[in-house]
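Student: no sequence on this one, just coordinates:
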């Protein structure tokens, strides 16, 4: 698990103000996104370049997601949701570079993102609907006797959202990287033992397969985090069951 350790860039101690490998790779993610979306599209053309094509594809993909899942009145929140998606997906893919640090494998990073979504959605819900936002917890379609019980369940599930939202992202990325590291430990066995003739090729094959899976997971987890944000936003804008 040493690949997930937070280490200072300068000095020996880590404090809240210390530049670490986490802050370094978050900065690299921000610079990568800026390069893709700002620099890469600065010379827009009818026949797009590769960077312009990727930027337009990401823009259209998230815009359609927000519109389809949360409704047209949620489009005003598109910049925030698009920023979330780009930061998560770029951080995920940067973490697949050998010797890189996966910032989204740390609960401290994903929890901040999830809590920000939770607070934003809650504030939007009360600002737009007032006390009517509490209708989200009252299942009017259920039998009257069950409604108080369901209301308690709905309240608990609502406040668990940031926990599941953050752990799902961090846990999936951490698990995949840890499995790759485990198989990588068997790769050099051919240098020390005869059984390595069999084990080393199998370990390399496993690493390749899991790495390919992690490429898919890097995108899927960013997609899941983003679409759940849209679902929560839809609940805030239209809280009635």
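Tutor: Structure received. As the structure is a computational prediction, the values presented were derived from the model and not from experiment.

Student: Rounded mean pLDDT for the biggest helix by length in the chain, please.
Tutor: The helix spanning the most residues in the chain, taking DSSP state H as the definition, is helix 196-237. The pLDDT scores in helix 196-237 average 90.

Student: name the helices or strands packed onto that helix?
Tutor: The helices and strands touching helix 196-237, judged by 3 or more Cβ pairs under 8 Å, 6 or more residues apart in numbering; DSSP states H and E, are helix 50-70, helix 78-94, helix 107-129, helix 147-184. All C-beta spots, glycine's among them, are computed from the backbone N, C-alpha and C.

Student: Stretch 109-120: which residues count as buried?
Tutor: 109, 110, 111, 113, 114, 117, 118, 120 (16 or more other Cβ atoms under 10 Å).

Student: Specify which member of those is nearest to residue 140.
Tutor: For those, the residue nearest residue 140 by Cβ to Cβ is residue 118; the value is 24.1 Å.

Student: Quick check: pLDDT value at that closest one.
Tutor: So residue 118 comes in at 95 (pLDDT).

Student: Would you agree it is in contact with residue 161?
Tutor: Yes: assessed by Cβ atoms under 8 Å, residue 118 is found in contact with residue 161 at 5.9 Å.

Student: Mind listing the shared neighbours of these two?
Tutor: Common contacts of residue 118 and residue 161 (Cβ atoms under 8 Å, 6 or more residues apart in numbering): residue 232.

Student: Apart from its chain neighbours, what residue comes closest to residue 128?
Tutor: Closest residue to residue 128 apart from its sequence neighbours, by Cβ to Cβ, 6 or more residues apart in numbering: residue 237 at 6.2 Å.

Student: Tell me how far the one you found lies from residue 217.
Tutor: Relative to residue 217, residue 237 is positioned 30 Å away (Cβ to Cβ, to the nearest Å).

Student: what about the residue nearest to residue 80 when sequence neighbours are not counted, distance to residue 138?
Tutor: Nearest residue to residue 80, sequence neighbours excluded (Cβ to Cβ, 6+ apart): residue 120, at 7.2 Å. Separation of residue 120 from residue 138 (Cβ to Cβ): 22 Å.

Student: Kindly report the same for residue 22.
Tutor: Relative to residue 138, and taking Cβ to Cβ, residue 22 is found at 41 Å.

Student: Which residue of these two possesses the greater neighbour count?
Tutor: residue 22 (21 against 16; other Cβ atoms under 10 Å).

Student: who touches the residue of the chain positioned farthest from its centre in this structure?
Tutor: Distance from the C-alpha centroid of the chain, by Cα atoms, centre = their mean, peaks at residue 194 (42.5 Å). Counting by Cβ under 8 Å, 6+ apart, residue 194 makes contact with nothing.

Student: Could you look up the SS state of it?
Tutor: Of the three states, residue 194 takes coil according to DSSP: H, G, I helix; E, B strand; the rest coil.

Student: which ones are touching the nearest residue to residue 82 once chain neighbours are set aside?
Tutor: Residue nearest to residue 82 in three dimensions, not counting chain neighbours: residue 62, with 4.8 Å by Cβ to Cβ, 6+ apart. Taking Cβ under 8 Å, 6+ apart, we find residue 62 in contact with 78, 81, 82, 85, 226.
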